[in-house]
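# Need the 3D shape of this:
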Amino acid sequence: MFKKPLSNLKTSAPLRSSDRRKLKQRVAYWSPDGDPLWFSLAKDADELIPTVYTLWKKYDLLPCITTPTAVIPVLMGGADLMIPGVVQILSSQTLVPPQLVAISQYIKDSPTTCGPPLAPEGKGKRLHLLHSWKDCLFNVGSRVDPPGVVEIQEVGESKEGAEGQAAETDITGKQDEPKVSTILRNAVLQAIRATLKSLPTSSFPVPAGTFYSSYILPYRPAFVHIKHSTYKSLAAFLKVLDKQEPLVMSVAASHSEVLSHTPYVSLRDIQLKEEKREKREEEEKARVQEMEIKELWKPHAPSGSGRFFSEGGFDSSALYTYAELKATVIKYITARHLVNAHDQSYVNVSQDEVLLSIVAGKNDSDESLEFLKREEVVQKLSEKMQNWYEIRAEGREPLLRKGQLKPISVVAKTRQGRRANTLISGFEPFLLEADEMAEELRRICAGSTGVSPLPGKAVRSEVLVQGKQIKAVTDFLLSRGVPKKWIETADLTVKK
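Below is the predicted model:
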C-alpha cells in the first residue's frame, strides 16, 4: 500500500531529477487529467494493477468482494482484509491466489452486493491490500469522492476453452437513482434527529450549499452524489422537501418521518470513530514511558571505601543508590555516637579512624576535618566508591553497567564559515542506535544527517544534523524516553 508520498521516494544511492521522474513514471501511469490509472510493483513487472480511479470507470474490471462499512477505514489505514471481514462475493467467480480483486463497501439491502453470502469460515488474512482510496497514490490525483451506489448484476455465464477453465461473467453496472434518492432523503432525517433539531434559532437561515455539504453529505450511509439521484440537482431536491428558497429557514423535528426514522451508522459516525481511533493511537504513541535511570555505587577496597562497609557490618559487594548510601552513613554514625551534640547536622569525623580515612584528602589537615556535615560525608564516601548505573526501558531488558553515566550532549556549532550543525554524542548508554537516530532526525528535521565515530572512542559515535536543531533533537530524545535531566544542550553558534 502507498503509505508514503511519491515525492518522498528514497533510494540507497542519490538520483538525478530525471532518473527520479522516470522512476515515478514507471511506478504509475497517468491520465491526461493527472489521475493515476495503473501501477506496477516492480521494474520489470508485466502486470499492471488498476487504481481506484480506473475501477470507478470500469466496475467489472476485477472480481468484486464486499466488506462491512466499519471495515473500510481499517483497510484505508493499511490493514489487510481478514476472512471474517468478507461479506459477499459473486457465485460465478473463481478466485485463485494471487488473483487481483476489488473490495467495495457492503450496504444492507443495497444493489451493491455482489451475490450470495460467502460464509467467512476460519481465521487469517483473506486479501493483501495493495492500494486504497485516500492512500498516497490516490492523493496524487484529483481526490474525488467514490461514484456512489452501483448495481452489479450477473447477466450470464459462458464456458470457453478446455474443460475445467473458469467461467467468465459479464457484469454491467449502472447507477440506481431511486436508491440514491432514498439515501439522500434519509440523510436529511438523520441530520435533523442528530444535529439540526438542537441548533438554536439564530443558526438559521442556512444557505442551501452549506446545508447540503454540512448536514446531508456527512449523514449519508454510503458515498452517493445528488447528480446520481432522480433529483439531479440540489434545487430540485430542496423543492421536494418543501423548501422553495435558496435558504433553509428551519427544520421540523416533530415531523412524523423524523420521529419514525431509524438511525443508522453514517459516514460522519465512521469518520468520528476513525478520528477518535487515530487520536487514541497518537496519544498512546506520545505516552512514552520514561526510562528509569539509577546511579549506583559499589564499595571499592583499594580506595578504602571497602573498609568502611566491612567495619560497619554492611554488605561490601552490594550496589547502593545515593539514598541507600546516605542511610548507611547515618546508621554508621548513630551506632558510634558520632553525631555532634551542638549541631546534629554535623558529624564528629575526627573521633572515628575509619571515617576519617575515608573523607581525608591529600591536602586536608586534621583540624579542617574535625567536623563535617552529613551530606559532605556521604559525598566524599561516594567519591571513593566505584560508579555503576542501571537503565530500565519499556520492552527492553534492564541494562546494568560499570562506569559513570554522563548526559547526552546536544551541541550546535558553526563549521566551515557560516554553516551551523547540531552534534549529538553520548547516547549509546541510553539504548539508542546511531543509524536509526540519524534516519529519524533526517525525516523530522528535513535535512541531511551523518554518523561518524568519535575520535579515540571506537564504540562511540557522533550524529550530525544539518542546521540548528537543538529543540528538534531534544524533543526526539524525550520521545524515546530519555529523561530531560539527562540531556545537556549548548548553542555555540551565538557570538559572545
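
# quick one, strands of the stretch 151-300 of the chain?
Counting by DSSP state E, counting those that start in this stretch, the stretch 151-300 of the chain has strands at residues 168-175, 206-207, 247-248, 292-298.

# no no, the stretch 1-150 of the chain
Remark: strands assigned in the stretch 1-150 of the chain by DSSP E, counting those that start in this stretch are 28-30, 36-39, 49-50, 64-68, 81-82, 88-89, 102-106, 125-127, 150-158.

# Lowest mean pLDDT across the ones you listed, which one is that?
For these, mean pLDDT drops lowest on strand 150-158, to a mean of 50.

# Using just helix, strand and coil, how would you label Val482?
Under DSSP: H, G, I helix; E, B strand; the rest coil, Val482 falls in the coil class.

# okay but Ser479 is in contact with Val288, surely?
Yes. Using Cβ atoms under 8 Å, Ser479 is in contact with Val288, at 5.8 Å. Where C-beta positions appear, they are placed from N, C-alpha and C, glycine not excepted.

# From Arg268, how far off is the spatially most central residue of the chain?
Taking Cα atoms, centre = their mean, the centroid of the chain lies closest to Glu282, which sits 5.8 Å from it. The gap separating Glu282 from Arg268 is 21 Å, by Cβ to Cβ, to the nearest Å.

# still on that earlier bit, any idea which of the strands of the stretch 151-300 of the chain has the lowest pLDDT on average?
strand 168-175 (a mean of 36).

# Which residues does stretch 408-424 contact?
425-427, 430, 437, 462-470, 473-474, 477, 482, 486-493 (Cβ atoms under 8 Å, 6 or more residues apart in numbering).

# same question but for stretch 314-327, I mixed them up
So stretch 314-327 is in contact with 294-299, 301, 306, 308-310, 328, 332, 374, 378, 381-382, 385, 388, 390, going by Cβ under 8 Å, 6+ apart.

# just the buried members of these?
Neighbour-count burial (16 or more other Cβ atoms under 10 Å) is assigned, among the contacts of stretch 314-327, to 296-299, 306, 308-309, 328, 332, 374, 378, 381-382, 385, 388, 390.

# So which bits of stretch 388-396 are buried?
Buried, per 16+ other Cβ under 10 Å, within stretch 388-396: 388-393.

# can I get the CA coordinates of the top helix by length along the chain in PDB?
The single longest helix within the chain, with elements called by DSSP state H, is helix 267-286. Taking C-alpha atoms only, helix 267-286 is exported to PDB below (Å, rounded to 0.1, in the frame of the first residue of the first chain):
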ATOM      1  CA  LEU A 267     -20.300   8.400   7.100                       C
ATOM      2  CA  ARG A 268     -19.900  11.100   9.800                       C
ATOM      3  CA  ASP A 269     -20.100   8.400  12.500                       C
ATOM      4  CA  ILE A 270     -17.500   6.400  10.800                       C
ATOM      5  CA  GLN A 271     -15.300   9.400  10.300                       C
ATOM      6  CA  LEU A 272     -15.700  10.500  14.000                       C
ATOM      7  CA  LYS A 273     -14.800   6.900  15.100                       C
ATOM      8  CA  GLU A 274     -11.800   6.900  12.900                       C
ATOM      9  CA  GLU A 275     -10.700  10.300  14.200                       C
ATOM     10  CA  LYS A 276     -11.100   9.000  17.800                       C
ATOM     11  CA  ARG A 277      -9.100   5.900  17.000                       C
ATOM     12  CA  GLU A 278      -6.300   7.900  15.400                       C
ATOM     13  CA  LYS A 279      -6.300  10.400  18.300                       C
ATOM     14  CA  ARG A 280      -6.100   7.500  20.800                       C
ATOM     15  CA  GLU A 281      -3.200   5.900  18.800                       C
ATOM     16  CA  GLU A 282      -1.400   9.300  18.700                       C
ATOM     17  CA  GLU A 283      -1.900   9.700  22.500                       C
ATOM     18  CA  GLU A 284      -0.600   6.200  23.100                       C
ATOM     19  CA  LYS A 285       2.500   6.900  21.000                       C
ATOM     20  CA  ALA A 286       3.000  10.200  22.800                       C
END
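
# what packs against that helix?
Helix 267-286 sits against helix 72-76, with contacts defined as 3 or more Cβ pairs under 8 Å, 6 or more residues apart in numbering; DSSP states H and E.

# what about 7 Å?
If you count contacts as 3 or more Cβ pairs under 7 Å, 6 or more residues apart in numbering; DSSP states H and E, helix 267-286 packs onto no helix or strand.

# Pull out the buried positions in that helix.
The neighbour-count check on helix 267-286 (16+ other Cβ under 10 Å) flags 267-270, 274 as buried.

# contact partners of that helix?
69-70, 73, 218-220 (Cβ atoms under 7 Å, 6 or more residues apart in numbering).

# Write the PyMOL selection for whichever of these are buried.
Filtering the contacts of helix 267-286 down to the buried ones (16+ other Cβ under 10 Å) takes a single PyMOL command:
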select buried, resi 69+73+218+219+220
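
# any idea which helix or strand carries Thr489?
strand 487-491 (DSSP states H and E).

# For that strand, give the mean pLDDT please.
According to the model, strand 487-491 has a mean pLDDT of 94.

# now stretch 446-465
86.

# what does stretch 373-381 give?
91.

# what do you get for stretch 55-63?
82.

# next one: stretch 130-148
pLDDT averaged over stretch 130-148 gives 80.

# Distance-wise, check Tyr399 relative to Trp388.
You called it Tyr, but residue 399 is Leu. Separation of Leu399 from Trp388 (Cβ to Cβ): 11 Å.

# now Lys227
Counting by Cβ to Cβ - Lys227 and Trp388 are separated by 73 Å.

# And Lys373, its phi and psi?
phi -70, psi 150 (degrees, to the nearest 10).

# Flag the shaky bits of the stretch 201-350 of the chain, pLDDT-wise.
Residue ranges of the stretch 201-350 of the chain with pLDDT under 70: 242-247, 284-287.

# That one: helices as residue ranges?
208-211, 234-240, 256-260, 267-286, 305-311, 322-335 (DSSP state H, counting those that start in this stretch).

# The stretch 1-150 of the chain now?
Under DSSP H, counting those that start in this stretch, the stretch 1-150 of the chain gives helices at 17-27, 52-57, 72-76.

# who touches the shortest one?
Residues lying outside helix 72-76 but in contact with it, judged by Cβ under 7 Å, 6+ apart, are 81, 103, 105, 129, 132-134, 270, 274.

# From those residues, list just the buried residues.
Buried members of these, counted by 16+ other Cβ under 10 Å: 81, 103, 105, 129, 132-133, 270, 274.

# so which two of these are the farthest from each other?
Leu129 and Ile270 (18.0 Å; Cβ to Cβ).
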